[in-house]
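Engineer: coordinates for the following, if possible.
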Amino acid sequence: MEDKIREILHEVSGVPLEELRADTRLTGDLGMSSFDLADMVVSIEELYGVKIPDERFGELETVADIVRVVREVTGL
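Structural biologist: Got it, this is the predicted structure:
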């Protein structure tokens with residue numbers, strides 16, 4: 001799961017995969033805008049066939065946060 005999420009982040013941000021670690025901050029390290037974050041969430045939702053509730057968006061600060069929230073939402 002983490003590898004697929006990192007691939008999506010790579011596609012959205014253009015940052016090389018090897019620079020995307022669990023503690024990489026989406027806005028601070030990657031400079032992602034709210035549009036980029038929304039694009040990422042839509043890609044993840046489509047990949048896993050789930051809906052990430054809007055109120056959970058604020059939890060998505062690092063790569064590890066994305067993995068945790070997606071695991072919780074998908075039950076994987």
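Engineer: and stretch 9-27, how far out from the chain's middle?
Structural biologist: 9 Å (CA atoms, centre = their mean, to the nearest Å).
Engineer: would you mind checking the average pLDDT for it?
Structural biologist: Averaging pLDDT along stretch 9-27 yields 92.
Engineer: and it, end to end?
Structural biologist: Distance between the two ends of stretch 9-27: 12 Å, counting by CA to CA, to the nearest Å.
Engineer: contact partners of it?
Structural biologist: Stretch 9-27 is contacted by residues 2, 6-7, 30-33, 36-37, 39-40, 43, 60-64, 66-67 when judged by CB atoms under 8 Å, 6 or more residues apart in numbering. Bear in mind the C-beta positions are built from the backbone N, C-alpha and C, glycine included.
Engineer: contacting residues around stretch 40-54?
Structural biologist: In contact with stretch 40-54 (CB under 8 Å, 6+ apart) are residues 4-5, 8-9, 11-12, 26, 32, 57, 60, 66, 69-70, 73-74, 76.
Engineer: show only the entries of the residues you listed found in helices.
Structural biologist: Mapping those onto helices (DSSP state H) picks out 4-5, 8-9, 11-12, 66, 69-70, 73-74.
Engineer: could you flag which of those are buried?
Structural biologist: Those of these that meet the buried threshold are 5, 8-9, 12, 66, 69-70, 73, by 16 or more other CB atoms under 10 Å.
Engineer: widest-spaced pair of those residues?
Structural biologist: Greatest spatial distance among these (CB to CB): Val12 and Val73, at 18.7 Å.
Engineer: rewinding a little: what subset of the contacts of stretch 9-27 is buried?
Structural biologist: Listed as buried from these are 6, 30, 32, 36-37, 39-40, 43, 60, 62-63, 66-67; burial here means 16+ other CB under 10 Å.
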